[in-house]
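Q: My questions are about this predicted structure, shown below with the sequence.
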Amino acid sequence: MAFELPPLPYSTNALAERGMCQETLELHHGKHHLAYVTALNGFVEKNDALKGKTLEEIVRFTYGKEDLAPVFNNAGQHWNHILFWQAMSPTEGGKIPGALEKKLTEDFGGVAQFKEAFKAAAVSQFGSGWAWLVLGHDGRLKVTKTPNGSNPLATGEGVALLGCDVWEHSYYLDFRNRRPDYVQNWLDRIANYEFAAAKLAAA
């Protein structure tokens, strides 16, 4: 069964008023994400060890294996983007539910401190990569970052609740080279904390 590009959970112009224009979403989802899916399917077709595996199994199986790095990069990016689209909302963006706010305050000292830590991780990720809000194995929330197509599923750091893409194609049309402004806007106006809260509750 070939992997497929999931549809966006909103229209391509739904986030425009919140700082992510239609062209960004069209290129990011319709070109970049699709390219990862297409490449991944090509790799799976040629490798019997990958056939029949779920996306999560492929990410874990290929992580850290030099000969399978191209597979990992595309599988990781497919997994990352599936979460990324859900981690944004045109209606609830920036609104933090009470239970999650309480947990952020417990583990970071407050919402402002969480955003500061998340932004620091996102901005300090050299080159392409991701910033994450993760529920660690100790039951505490933490912020992490990963290069390129890596993610907390691969590294085993815990359950990813939110992931912010800091590859330049995520923000260049809207913010040019101002990654800090993109991340701040993403946290304040786009991030789907309802989604993060639901994942936290499920975990």
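A: Looks like it arrived, so ask away.
Q: what does stretch 175-188 contact?
A: Residues outside stretch 175-188 that contact it (Cβ atoms under 8 Å, 6 or more residues apart in numbering): 18-19, 88, 94, 115, 118-119, 122-123, 131, 164, 166, 168, 170-171, 174. No exception for glycine: its C-beta is placed from N, CA and C like everyone else's.
Q: of those residues, buried ones?
A: Buried members of the contacts of stretch 175-188, scored by 16 or more other Cβ atoms under 10 Å, are 18-19, 88, 115, 118-119, 122-123, 131, 164, 166, 170-171, 174.
Q: out of those, which one sits closest to Val44?
A: Nearest to Val44 out of the buried ones among the contacts of stretch 175-188 is Ser170 (Cβ to Cβ; 25.9 Å).
Q: Tell me the pLDDT of the residue nearest to the closest one when sequence neighbours are not counted.
A: Leaving aside its chain neighbours, Ser170 sits nearest to His28 (6.3 Å; criterion: Cβ to Cβ, 6 or more residues apart in numbering). Reported pLDDT at His28 in the predicted model: 98.
Q: any idea how far Ala197 is from His28?
A: Going from His28 to Ala197 by Cβ to Cβ, to the nearest Å gives 25 Å.
Q: Look at the two and report which has more neighbours.
A: Set His28 next to Ala197 and count neighbours by other Cβ atoms under 10 Å: His28 wins out with 23 against 18.
Q: Three-state assignment for that one, please.
A: helix (DSSP: H, G, I helix; E, B strand; the rest coil).
Q: so what's it up against?
A: His28 neighbours (Cβ under 8 Å, 6+ apart): 165, 169-170.
Q: Can you lay out those as CSV showing pLDDT, secondary structure and distance to Gln77?
A: Output for the contacts of His28, formatted as CSV (pLDDT from 0 to 100; DSSP: H, G, I helix; E, B strand; the rest coil; distance: Cβ to Cβ, whole Å):
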residue, pLDDT, secondary structure, distance to Gln77
Asp165, 98, strand, 9
His169, 97, helix, 11
Ser170, 98, helix, 12
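Q: Including secondary structure and distance to Tyr193, could the buried ones among the contacts of stretch 175-188 go into JSON lines?
A: Converted to JSON lines, the buried ones among the contacts of stretch 175-188 look like this (DSSP: H, G, I helix; E, B strand; the rest coil; distance: Cβ to Cβ, whole Å):
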{"residue": "Arg18", "secondary structure": "helix", "distance to Tyr193": "14"}
{"residue": "Gly19", "secondary structure": "coil", "distance to Tyr193": "16"}
{"residue": "Met88", "secondary structure": "strand", "distance to Tyr193": "11"}
{"residue": "Lys115", "secondary structure": "helix", "distance to Tyr193": "11"}
{"residue": "Phe118", "secondary structure": "helix", "distance to Tyr193": "12"}
{"residue": "Lys119", "secondary structure": "helix", "distance to Tyr193": "15"}
{"residue": "Ala122", "secondary structure": "helix", "distance to Tyr193": "16"}
{"residue": "Val123", "secondary structure": "helix", "distance to Tyr193": "20"}
{"residue": "Ala131", "secondary structure": "strand", "distance to Tyr193": "15"}
{"residue": "Cys164", "secondary structure": "strand", "distance to Tyr193": "13"}
{"residue": "Val166", "secondary structure": "coil", "distance to Tyr193": "19"}
{"residue": "Ser170", "secondary structure": "helix", "distance to Tyr193": "19"}
{"residue": "Tyr171", "secondary structure": "coil", "distance to Tyr193": "20"}
{"residue": "Asp174", "secondary structure": "helix", "distance to Tyr193": "21"}
